[in-house]
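Sequence unavailable; structure follows:
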């Protein structure tokens, strides 16, 4: 069983640790006020969190796959019954779970909905999209071309999706709030 091997959990744990650290950084500092003023309970917040999950997962997954390809560290391919399980499979599972959660309106801001669950679902969606699109060339070519010329199609798909997330995300609010706060601090005004 692949999940009984310690190396199986390194990627997911690293992604989780990075995302949890970023959440703690924002929640434990003045950035929380800016975040709440500019992003809380909005489509932009979901885009921001999905982007965070997406770009974090892209970096970690690419790092792990390069390590596997070059026999660095404890990393290895995941197999079940002699069959290689691509990380695209885990991405599809997470996409199905997050999509089903949204169908049930889990964390969508409705009555009885928990905001933290919606935030978590947004990050899970971003991670799932990264896992899936990182192997876009596999599902396009129906063969494993990850380290071949055709594997470039995965990079193109990730860049396109990342760009779409960024278009919705970097439309200012959170980062404009940080700049405004820094200006106020520079003028001696400590309140946001």
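Good, I have the coordinates. If you're wondering where the values come from, they're calculated on a predicted model, not measured in any experiment. Numbers count the residues shown, from 1 in each chain.

what's the following helix or strand after the helix or strand harbouring residue 36?
Using DSSP states H and E, residue 36 falls within helix 31-38. Sequence-wise, the next helix or strand downstream of helix 31-38 (DSSP H and E) is helix 43-69.

can you count the residues close to the closest residue to residue 129 other than its chain neighbours?
Using C-beta to C-beta, 6 or more residues apart in numbering and skipping the chain neighbours, the partner closest in space to residue 129 is residue 54 (5.5 Å). Bear in mind the C-beta positions are built from the backbone N, C-alpha and C, glycine included. Other residues lying near residue 54 total 24 when counted by other C-beta atoms under 10 Å.

Any figure for the gap between residue 54 and residue 122?
Look at residue 54 and residue 122: by C-beta to C-beta, to the nearest Å, they are 10 Å apart.

Phi, psi for residue 135 please.
phi -120, psi 30 (degrees, to the nearest 10).

show me what contacts residue 125?
50, 53, 94, 95, 98 (C-beta atoms under 8 Å, 6 or more residues apart in numbering).

PyMOL command to pick out the buried ones of these?
Command for PyMOL that selects the buried part of the contacts of residue 125, burial taken from 16 or more other C-beta atoms under 10 Å:
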select buried, resi 50+53+94+95+98
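
could I get the contacts of residue 125 as TSV with distance to residue 64?
Formatted as TSV, those follow (distance: C-beta to C-beta, whole Å):
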residue	distance to residue 64
50	21
53	16
94	16
95	19
98	21
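
now the contacts of residue 125 as JSON lines including pLDDT?
Below are the contacts of residue 125 laid out as JSON lines (pLDDT from 0 to 100):
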{"residue": "50", "pLDDT": "92"}
{"residue": "53", "pLDDT": "94"}
{"residue": "94", "pLDDT": "95"}
{"residue": "95", "pLDDT": "96"}
{"residue": "98", "pLDDT": "93"}
